[in-house]
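J.: sequence below, structure please.
(chains A and B)
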Amino acid sequence: MTEEQHHITLHVNGVPRTATVPARRLLSDALRHDLGLTGTHAGCEHGVCGCCTVLLDGEPVRSCLLLAVTAQGAAIRTVEGLAGPDGALHPIQRAFAECHGLQCGFCTPGFLMTTAGLLDRSPAPTDGEIEESMAGNLCRCTGYQNITTSVRRAAELLAAGQGGDPAGPWAGEDPQEPVAEAPLAAGPYAPPPGGGVPGEARR
Amino acid sequence: MKPPPFRWSSPGTTAEAVALLAADPRAKVLAGGQSLIPLLNMRLASPPHLVDINRVAELDAVEVTGDGVRVGALVRQAHLERDEAARKVCPLLGDALPLVAHPVIRNRGTVVGSIAHGDPAAELPAVAALLGATVRIASAAGVRDVPADVFFVAPLETALRPGELVTSVWFPAVPPATGTAVVELSRRHGDYALCGVAATVDRETGAARAAYLGVAPVPLVLDLPADDPGGYAAASVDPEADIHATAAYRRHLATVLTRRALAAARDRP
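T.: Numbering: from 1, shown residues only, chains lettered A, B, ... in the order given. Model (predicted):
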């Protein structure tokens, strides 16, 4: 069957990005496969692990539980939007690196974006708030103690004015030049010939 | 883990949404998607048509009066959780919402969607049943109000008919002398509870009522006797065994959690 395609625009990290997707495309897959932003990780794909967490209009959400078409027109912030244009780590990323808040790193984009959402709403969270916020993200390496330490450290760094807005260095600035729709042309994440999602059975 | 293909409609008003649902009785409503999209991803559901109500701005409204709280179909759980006025009129909502999954899920999940989904292990259907909430339903034929006690029919099955859309749920305020509480036990923070109890206690008469989640096919509401309410609850629930707990353990929890819920409700200032 030929699926109906929808043209969508997402404001990703301050940049308007367009894609042409079927209605069933998850936001996580649209970011990874259609826009080439593979920093957002797809873990369990049913809302349990939290790896795919992104900010949707400033609020952390599971991108695997959101259709890309539903997000039409929304502001999305992904882990790629944390570091500065010069590659300088965001204070939240620095805190995780300093405090050993990661080992294999698979879950880290989700923890970073969950932390960004938390600190934006609550710049000086209590330990209880941190635990409550992080409880929805799974990490199989660290045992979580270093992650909660990292979040406390990130709050300190942000409070000390080292990076300003936890939602990212581009927040509030003019969007950059629009970037044309540019799916990855080759490599393991490239869409298969005829469209669709890599790895998905073709009929 | 990708949803099966479906047709997608994005109405801008309730009238448009209802017209789309009337034209296609097999269509499903998509709001927060925190239950429906996992079902699609795991291909446990494959509705041919999704009517996405996320652009229906008129459904994103909380109305608070002294008599109760009306929650529109697009109000996110996190939004209601932060609504001080609503929490004041309906403290049980403020107590129950933090028990629903995790904060990030509640940023997207809707209060009304949780009720329309009708999961007997979920907190909000039990709160609706306990408070005597009313579910407002729109269709091409008009609007009808369905009391919570007849809305929940079976696990994941409600009185909602094809072509219908829940537009809001009305939670009545409890009388001033009534204390409320909700307690539950889950294996891990944020998991579905093995058993949960939401309770109201009239501090003047001592009359106690409780709703049970996770231990019956629908939210079970019991008027509890003054003598051994926990034992009465254990004899009344109908739990099933699964990988998380035996039926006997869930029955035991009904006794213990009844005691805790009633004590908390009585002590509530």
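J.: mind jotting down where the helices sit in chain B?
T.: Along chain B, counting by DSSP state H, helices occupy B:14-23, B:36-41, B:77-81, B:84-89, B:91-96, B:103-106, B:111-117, B:123-131, B:148-151, B:229-236, B:247-267.
J.: show me the shaky parts of the chain.
T.: If you meant another chain, say so; for now it's chain A. A:1, A:162-203 (pLDDT under 70).
J.: oops, wrong one, chain B.
T.: For chain B, the stretches with pLDDT under 70 are B:269.
J.: looking at it, what residue ends up closest to chain A?
T.: Closest contact between chain B and chain A, by Cβ to the nearest Cβ, is at B:His102 (2.9 Å). All C-beta spots, glycine's among them, are computed from the backbone N, C-alpha and C.
J.: need the helices of chain B in CSV with mean neighbour count, can you?
T.: Formatted as CSV, those follow (neighbours: other Cβ atoms under 10 Å in any protein chain shown):
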stretch, mean neighbour count
helix B:14-23, 19
helix B:36-41, 22
helix B:77-81, 22
helix B:84-89, 16
helix B:91-96, 22
helix B:103-106, 25
helix B:111-117, 26
helix B:123-131, 28
helix B:148-151, 19
helix B:229-236, 18
helix B:247-267, 20
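J.: make a markdown table out of these and add distance to B:Pro162.
T.: Shown next, in a markdown table, are the helices of chain B (distance: least, Cβ to Cβ, whole Å):
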| stretch | distance to B:Pro162 |
| --- | --- |
| helix B:14-23 | 8 |
| helix B:36-41 | 16 |
| helix B:77-81 | 26 |
| helix B:84-89 | 31 |
| helix B:91-96 | 29 |
| helix B:103-106 | 28 |
| helix B:111-117 | 13 |
| helix B:123-131 | 21 |
| helix B:148-151 | 16 |
| helix B:229-236 | 33 |
| helix B:247-267 | 34 |
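J.: quick one: closest of these to A:Asn137.
T.: Checking those against A:Asn137 by Cβ to Cβ gives helix B:103-106 as the closest, at 8.0 Å.
J.: residues from chain B in reach of chain A?
T.: Within chain B, the positions adjacent to chain A are B:1-8, B:10, B:30, B:33-34, B:37-38, B:40-42, B:50, B:52, B:54, B:78, B:98, B:101-105, B:107-108, B:189-190 by Cβ under 8 Å from any Cβ of the partner chain.
J.: buried ones among those?
T.: The neighbour-count test (16 or more other Cβ atoms under 10 Å in any protein chain shown) applied to these identifies B:1-3, B:6, B:8, B:10, B:30, B:33-34, B:37-38, B:40-41, B:50, B:52, B:54, B:78, B:98, B:101-105, B:107-108, B:190 as buried.
J.: about what we covered before: surely the residue of chain B closest to chain A touches B:Ser186?
T.: No - when contacts are counted by Cβ atoms under 8 Å, B:His102 is not listed as touching B:Ser186 (11.8 Å).
J.: would you map the strands across chain A?
T.: According to DSSP state E, chain A carries its strands in the segments A:5-12, A:15-22, A:53-56, A:59-62, A:75-77.
J.: quick one: the first one to chain centroid distance?
T.: Mean C-alpha position of strand A:5-12 versus that of the full chain (Cα atoms, centre = their mean, to the nearest Å) differs by 16 Å.
J.: is any residue of that strand near chain B?
T.: Yes - using Cβ under 8 Å from any Cβ, strand A:5-12 reaches chain B at A:His6.
J.: pairing partners for that strand, with directions?
T.: Counting by DSSP bridges, the strands paired with strand A:5-12 are strand A:15-22 (antiparallel), strand A:75-77 (parallel).
J.: and for that strand, what's in contact with it?
T.: For strand A:5-12, the surrounding residues in contact (Cβ atoms under 8 Å, 6 or more residues apart in numbering or on different chains) are A:16-23, A:30-31, A:35, A:37, A:68-69, A:71-78, A:81, A:175, B:8.
J.: the fourth one now?
T.: Under the contact criterion Cβ under 8 Å, 6+ apart, strand A:59-62 has outside partners A:47, A:50, A:52-55, A:113-114, A:116-118, B:34, B:78, B:103-105, B:107-108.
J.: just checking: what are the partner strands of that strand?
T.: Strand pairing for strand A:59-62, using DSSP bridges, gives strand A:53-56 (antiparallel).
J.: what is the burial count for B:His49?
T.: The tally of other residues near B:His49 (other Cβ atoms under 10 Å in any protein chain shown) stands at 17.
J.: does it touch B:Leu30 like I think?
T.: No - judged on Cβ under 8 Å, B:His49 makes no contact with B:Leu30 at a distance of 10.1 Å.
J.: which parts of chain A sit against chain B?
T.: A:1, A:3-4, A:6, A:22-24, A:26, A:29, A:44-47, A:50, A:53, A:56, A:59-62, A:64-67, A:69-70, A:72, A:114, A:117, A:132-133, A:135-137, A:197, A:200.
J.: could you measure from A:Gly36 over to A:Ala23?
T.: Separation of A:Gly36 from A:Ala23 (Cβ to Cβ, to the nearest Å): 21 Å.
J.: so which of those two has more stuff around it?
T.: More neighbours surround A:Ala23 than the other of A:Gly36 and A:Ala23, with 23 against 16 (other Cβ under 10 Å).
J.: and the closest residue to chain B within chain A, what does it touch?
T.: Among the residues of chain A, A:Gly136 lies nearest to chain B; the distance is 2.9 Å by Cβ to the nearest Cβ. Neighbouring residues of A:Gly136 by Cβ under 8 Å, 6+ apart: A:Gly50, A:Thr114, B:Ala101, B:His102, B:Pro103, B:Val104, B:Ile105, B:Gly190.
J.: with respect to A:Asn146, which of the helices of chain B lies nearest?
T.: That would be helix B:103-106 among the helices of chain B, by Cβ to Cβ, at 20.4 Å.
J.: grab the nearest non-local neighbour of residue 127.
T.: I went with chain A, as the question did not name one. A:Thr148 (7.0 Å; Cβ to Cβ, 6 or more residues apart in numbering or on different chains).
J.: actually it's chain B I care about, not the one you picked
T.: B:Ala96 is the one closest to B:Val127 (Cβ to Cβ, 6+ apart), at 4.8 Å.
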